[in-house]
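> Sharing a sequence plus its predicted fold:
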Amino acid sequence: RILIGAAGIAFYGLLWAAAANDQIAVEFHLPLYGVTWFFRIAVFVGPILAFLLTRRLCLGLQARERDEAEHGHETGRIVMDPEGGFSEIHEPEKPALTP
């Protein structure tokens, strides 16, 4: 659902910006037809890019949560092992309270 929402927001935002294409062209000293063609293409490509970017972000967050559930979270405490190497202590995640 969040992916479709991000694509919808990108679509609406690009349409909203395209409504001011004449002002954008004047303000940035760009040709009006170039700005118009940019928005014609961006209205289709922008939501796809927003969908893919949001998907990648959500999958990364999901992987991070999975990793923390498996290995625990970092405590910031560094210990030295007998061989002289250093490692950080991880604490297990506390179980969520269920009602």
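Structure's in. What do you need?
> The longest strand along the chain pairs with which strands, parallel or anti?
Longest strand of the chain, by residue count under DSSP state E: strand 73-80. Strand pairing for strand 73-80, using DSSP bridges, gives strand 86-91 (antiparallel).
> In the strand it pairs with, which residues are buried?
Buried residues in strand 86-91, counted by 16 or more other CB atoms under 10 Å: none are found. C-beta here means a position set from N, CA and C on the backbone, and glycine is covered the same way.
> Could you list the alpha-carbon positions for it in PDB?
Provided in PDB are the C-alpha atoms of strand 86-91 (Å, rounded to 0.1, in the frame of the first residue of the first chain):
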ATOM      1  CA  PHE A  86      37.900  -6.600  19.100                       C
ATOM      2  CA  SER A  87      34.200  -7.200  18.900                       C
ATOM      3  CA  GLU A  88      31.000  -5.500  19.900                       C
ATOM      4  CA  ILE A  89      28.500  -6.900  22.300                       C
ATOM      5  CA  HIS A  90      25.000  -7.400  21.000                       C
ATOM      6  CA  GLU A  91      22.000  -7.700  23.200                       C
END
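> tell me the pLDDT at the residue lying farthest from the centre of the chain?
Distance from the C-alpha centroid of the chain peaks at Pro82, with 41.8 Å (CA atoms, centre = their mean). Per-residue confidence at Pro82 stands at 88 (pLDDT).
> in which helix or strand would I find the residue lying closest to Leu30 once chain neighbours are set aside?
Using CB to CB, 6 or more residues apart in numbering and skipping the chain neighbours, the partner closest in space to Leu30 is Ile24 (7.1 Å). In the assignment (DSSP states H and E), Ile24 maps to helix 21-27.
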